[in-house]
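**Student:** Quick check, what structure comes out for this input:
(one chain, ligands or ions: 1)
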Amino acid sequence: MSALTSAQLDGVMQTTLNQMGWSVEIVDPYTGIFLKRMHGARQPVADLGCGFGIVTEHLLADGATVIANDIAPAHLEEVKRRIPDEQRANLTLVARDATQLDFPADSLVGIMAGRWVHFLTSPAFREFFQKAYTWLASGGTLCVTVHAMKAWCAPDVCREYEKNRESGMEWPGWSANWLEDAGFLVEKAGLYDLMIPSYPASYRSYLASQNTIGVVAIKPFR
Ligand SMILES: C[S@@+](CC[C@H](N)C(=O)[O-])C[C@H]1O[C@@H](n2cnc3c(N)ncnc32)[C@H](O)[C@@H]1O
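**Tutor:** Residues are numbered from 1 along each chain as shown. Next up is the predicted model:
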């Protein structure tokens, strides 16, 4: 806990207000690809489960129209506080469970789902990606980041995962096939290190390497 506190203090990561992970002020390689793709976006971009809105901030600064969503209304208050007045007209805030959202078909050019889909279980997980596919316009980009099962050196959690997997549970972990089943073309998928140079050594040793999964997928043109 002391390592976590000092990590919070270094200004790079902050615990979420609803204890659903941390907000990290660093753009990982997959989110970086997404942000580049959204450059010059002519349709709205949704940052779902946006936390304190780090991705939203980048998108707005680059001129995009953004729908920032989070299940915690207090997080959206913080997003509003962080965004400069002159960019607010391009921002819509939606406090809701992202799996319950209902955007018009083909209305979004990009969807970011950063480090929260691991909170879903099946069938909500599968249904969410089917909806995301519908919401995206053809050629639109979906970016998902999710903590890998073995990110955290927590043997009891890993044992539970192995038990679920062996019993044939449909969603004991991640599968990019589910994106393909929903119709997406997976362009890039892999593991990366959610490692921050300024982490204290004690915190770095708590995280396994290659601890986070990133996926960039597109909705192909029909
Ligand atoms: C680990 S934080 C990541 C925040 C941000 N996406 C990022 O990468 O910095 C997870 C966030 O997802 C939100 N969240 C979790 N489940 C959600 C859901 N079903 N719908 C919308 N937001 C959700 C939490 O409130 C929290 O802000």
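**Student:** Tell me how far the most far-flung residue of the chain relative to its centre lies from His118.
**Tutor:** When each C-alpha in the chain is compared with the mean C-alpha position (C-alpha atoms, centre = their mean), Ser167 comes out farthest, at 28.0 Å. Going from Ser167 to His118 by C-beta to C-beta, to the nearest Å gives 19 Å. The C-beta positions use only the backbone N, C-alpha and C, and glycine is treated the same way.
**Student:** do Arg165 as well
**Tutor:** In terms of C-beta to C-beta, Arg165 sits 15 Å off from His118.
**Student:** When those two are compared, which one has more neighbours?
**Tutor:** Regarding Arg165 and His118, a neighbour count based on other C-beta atoms under 10 Å identifies His118 as having more, with 20 against 13.
**Student:** Let's see the pLDDT reported for that one.
**Tutor:** His118 is assigned 83 on the pLDDT scale.
**Student:** chain center to stretch 18-38: distance?
**Tutor:** Centroid displacement of stretch 18-38 relative to its chain, using C-alpha atoms, centre = their mean, to the nearest Å, is 7 Å.
**Student:** next one: stretch 82-98
**Tutor:** The answer for stretch 82-98 is 17 Å, by C-alpha atoms, centre = their mean.
**Student:** what about that stretch, start to end distance?
**Tutor:** One end of stretch 82-98 sits 22 Å from the other (C-alpha to C-alpha, to the nearest Å).
**Student:** rounded to a whole number, what's the mean pLDDT of it?
**Tutor:** Averaged over stretch 82-98, pLDDT sits at 97.
**Student:** so does that stretch get close to the ligand?
**Tutor:** Yes - among the residues of stretch 82-98, Asp97, Ala98 lie within reach of the ligand under C-beta under 6 Å from any ligand atom.
**Student:** can you pull out the strands in the protein?
**Tutor:** 13-15, 22-24, 45-48, 66-70, 91-95, 108-114, 136-147, 185-192, 212-218 (DSSP state E).
**Student:** Export those as TSV, with columns for mean neighbour count.
**Tutor:** Converted to TSV, the strands of the chain look like this (neighbours: other C-beta atoms under 10 Å):
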stretch	mean neighbour count
strand 13-15	17
strand 22-24	19
strand 45-48	28
strand 66-70	26
strand 91-95	17
strand 108-114	24
strand 136-147	21
strand 185-192	14
strand 212-218	22
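**Student:** now those strands as CSV including distance to Phe125?
**Tutor:** As requested, the strands of the chain are exported to CSV (distance: least, C-beta to C-beta, whole Å):
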stretch, distance to Phe125
strand 13-15, 24
strand 22-24, 21
strand 45-48, 13
strand 66-70, 17
strand 91-95, 20
strand 108-114, 11
strand 136-147, 10
strand 185-192, 16
strand 212-218, 13
